[in-house]
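Novice: return a 3D structure for these sequence lines:
(2 chains)
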Amino acid sequence: MKKIMVFTVVVALLIPALSFARKAKYEVVEVNNGGGIQGTVKTSLKVKDPVVPINIQPKEDPKETEIERKTCGKTQQAGIYIVSPSNEVKNVLVIVEGVKKGKAAPKTDLTINNNKCRFEPLVSISYVKSNYIVKNSDPLFHNTSLGVLLKDKRRAVYNLALPYQNQEIKKRNRVAGLIDLKCDAHSWMRAYVYSSRHPYVTITDANGNYELKDLLPGKYTVRFWHEGFQEETKEVEVKAGKVSKLDVSFSKTRKPDFLGRL
Amino acid sequence: MEEFRKKCKGVIFIFCFTLLSLVLMSTFQGAEKAYGADKVETGKKVYQKYCIICHGNKGDGKGLVGIIHRVEKSGLVWTLFPRDFTVGVFKFRSTPTGCLPTDEDLLRIVSNGIPRSGMPSHEDVSLEDRKAVIEYIKTFSPRWQEEDPCEEIVSVKKPKWVGSPESIAKGKKVYKKMKCWECHGYEGKGDGPKSDKLKDDWGDKIIPFDFTSGALKRGSSPENVYITFNTGLDGTGMPSYEDSLKEEDRWHLVSYTLKLLGLAE
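Specialist: Below you'll find the model as predicted:
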């Protein structure tokens, strides 16, 4: 009887304590005999990469208008669909979701460059607690607005003014998730960063290939995200010392948000 | 004796059962309710009385009012909706871009209201109730549980010379160099070359502030102009210049905007 009572009181005290604990943090452990995931992302669709028209409003000083028109160009190749002749898709974010335990994430900083009125790189990875280095290589005003994409909303992460050329701003990455970049001065500019607490995120190369290493054995959900396709998720089991194969084929396109802003 | 023991067991069982269910109930209602329950409960009542009509039952800005402020300018139309608290983005903070506001920031907004947006002042509501409603609006976004608050932007100390003709002249140059005119226009009328394409994070067109008309949303004082371009207004196109300007130039810029606002000679 006493046991039951002690047990109940302990549980009663524990429940609120657990709910108070912040959202489960990532636990860093050593991974010695981990497994990997490897695969190729393709598409069954014939897609065409659009050309984006660029419209620069005249400024008071015609010289400045000229500089901006020259820097940004008249049109830009969107670069949404970079697909190889054998239908392999580049720039797909491959994200292992909800990893609770594993290797430490790298400390590498991510440089985002505003160059010729585009963000470089278009798709990249950043790690929580490392830094964003936001740079302006153009002789004109940019602002870099980072926002984390929640279900159907965007939450501001940073909105930084970069009024002059060769300016560089360093900011700590504090927010995990899929982050979307905009420039309020140039509606066509966009980029995507996956901000991660763990190292199990990667991007497909020109042959649609990706590889993830050193995962603890277990079952995982992998998310394949691309700005121009409906995302896919797949389940996979990782075994010690083995590489699991996981291929995906996109079968539905999606209109990236920035096209609606033009 | 047997009888008594049985009864005892029953009592202990009932005790344990009630304790567990109480704790479970309160936990599933959200941790803050289990502990700061009173304040949030009061806040909810205040919210239902004063705020729900605009900010909505779920805090998503979809109250009965709908569009609340409409601007027509050079053939274009801009609209403003009550704020959606579920995203957890705030414009009028004293903290850097990307941060949550402080309680004082929220209290100031709720007390003074927001000019040019239709959000009324709530000075008539008791201080206690205003503080309670702030705790309640924090329950709409999990961000308040997940994130640590940031430091306020360091103290705002206005130099004496702000508003002097020399400072205004210098500020005009800063305004040019910082490209404020790209959005706010050469004369500060909110009609710069980038102004007609701007959209906020809620997907609505947004109009850069017209310095020559109307009051600042944050409240018209030199200090508030200073805070605005340092913190940026998150969710709008207005970026943070915290990393772009030297302290002295910031105040020259303030001088120039005071001139645009008609608050300096």
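
Novice: all contacts plus neighbour counts: C-alpha atoms, from now on.
Specialist: Noted.

Novice: which residues does A:Ser195 bridge with?
Specialist: A:Ser126, A:Gly177 (DSSP bridges).

Novice: can you pull the contacts of it?
Specialist: A:Ser195 makes contact with A:Ile125, A:Ser126, A:Tyr127, A:Val128, A:Asn173, A:Val175, A:Ala176, A:Gly177, A:Leu178, A:Ile179 under the criterion Cα atoms under 8 Å, 6 or more residues apart in numbering or on different chains.

Novice: and of those residues, the nearest to B:Arg250?
Specialist: For the contacts of A:Ser195, the closest approach to B:Arg250 (Cα to Cα) belongs to A:Asn173, at 26.3 Å.

Novice: quick one: the strands in the stretch 51-200 of chain B?
Specialist: For the stretch 51-200 of chain B, applying DSSP state E, counting those that start in this stretch gives strands covering B:69-73, B:76-80.

Novice: single out the most deeply packed of these.
Specialist: Counting by mean count of other Cα atoms under 10 Å in any protein chain shown, strand B:76-80 has the highest mean neighbour count of the strands of the stretch 51-200 of chain B, with a mean of 14.

Novice: next one: that one to chain centre, how far?
Specialist: Remark: strand B:76-80 is offset 20 Å from the chain centroid, using Cα atoms, centre = their mean, to the nearest Å.

Novice: check whether it comes near chain A.
Specialist: No. Using Cα under 8 Å from any Cα of the partner chain, we find that strand B:76-80 stays clear of chain A, coming within 15.5 Å at best.

Novice: so for A:His198, which of the strands of the stretch 51-200 of chain B sits nearest?
Specialist: Of all the strands of the stretch 51-200 of chain B, strand B:76-80 sits nearest to A:His198, with 39.3 Å by Cα to Cα.

Novice: is it possible to get CSV of the contacts of A:Ser195 that adds neighbour count?
Specialist: Shown next, in CSV, are those (neighbours: other Cα atoms under 10 Å in any protein chain shown):
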residue, neighbour count
A:Ile125, 20
A:Ser126, 26
A:Tyr127, 27
A:Val128, 21
A:Asn173, 20
A:Val175, 18
A:Ala176, 17
A:Gly177, 17
A:Leu178, 17
A:Ile179, 24
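
Novice: and these, which is closest to chain B?
Specialist: Closest to chain B out of the contacts of A:Ser195 is A:Val175 (9.1 Å), distances taken as Cα to the nearest Cα.

Novice: next, give phi and psi for the closest one.
Specialist: Main-chain torsions, A:Val175, degrees, to the nearest 10: phi -120, psi 130.

Novice: where does the chain dip in pLDDT?
Specialist: If you meant another chain, say so; for now it's chain A. A:1-24 (pLDDT under 70).

Novice: wait, chain B was what I had in mind.
Specialist: B:1-36, B:67-69, B:73-76, B:214, B:265.

Novice: what segments of the stretch 151-262 of chain A are helices?
Specialist: Per DSSP state H, counting those that start in this stretch, the stretch 151-262 of chain A carries helices over the ranges A:257-261.

Novice: need the residues of it near chain B, please.
Specialist: Near chain B, when you scan the stretch 151-262 of chain A using Cα under 8 Å from any Cα, you find A:153-164, A:169, A:184-185, A:187.

Novice: hmm, which of the residues you listed are the buried ones?
Specialist: By neighbour count, with 16 or more other Cα atoms under 10 Å in any protein chain shown, these hold A:154-164, A:169, A:184-185, A:187 as buried.

Novice: tell me which of the residues you listed is nearest to A:Ser86?
Specialist: Comparing those against A:Ser86 with Cα to Cα picks out A:Ser187 as the nearest, at 32.6 Å.

Novice: which secondary structure element is home to B:Lys49?
Specialist: In the assignment (DSSP states H and E), B:Lys49 maps to helix B:37-50.

Novice: and for A:Ile112?
Specialist: strand A:110-115.

Novice: and for that strand, what's in contact with it?
Specialist: A:119-121, A:125-126, A:130-138, A:142.

Novice: so which of those residues comes closest to B:Gly192?
Specialist: A:His142 (14.3 Å).

Novice: what about the nearest residue to the closest one once chain neighbours are set aside, distance to B:Phe90?
Specialist: The shortest distance from A:His142 to any non-neighbouring residue, by Cα to Cα, 6 or more residues apart in numbering or on different chains, is to A:Leu162 (5.2 Å). Distance, A:Leu162 to B:Phe90, using Cα to Cα, to the nearest Å: 22 Å.

Novice: now do A:Asp152
Specialist: 18 Å.

Novice: what does A:Lys101 give?
Specialist: For A:Lys101, the distance to B:Phe90 - Cα to Cα - is 34 Å.

Novice: now for the contacts of strand A:110-115: which two are most distant?
Specialist: Longest distance between any two of the contacts of strand A:110-115 is 25.2 Å, between A:Ser130 and A:Asp138; criterion Cα to Cα.

Novice: the more surrounded of the two?
Specialist: A:Asp138 (23 against 18; other Cα atoms under 10 Å in any protein chain shown).

Novice: wasn't A:Glu66 part of a strand?
Specialist: No. Secondary structure of A:Glu66 (DSSP: H, G, I helix; E, B strand; the rest coil): helix, not part of a strand.

Novice: surely B:Asn224 is in a helix?
Specialist: Yes. Counting by three-state DSSP, B:Asn224 falls inside a helix.

Novice: let me know the secondary structure of the spatially closest residue to it that is not a sequence neighbour.
Specialist: Nearest residue to B:Asn224, sequence neighbours excluded (Cα to Cα, 6+ apart): B:Arg218, at 6.4 Å. When classified by three-state DSSP, B:Arg218 comes out as coil.

Novice: still on that earlier bit, compare A:Lys101 and B:Phe90 (neighbour count), which wins?
Specialist: Remark: of A:Lys101 and B:Phe90, B:Phe90 carries more neighbours, 22 against 16, as counted by other Cα under 10 Å.
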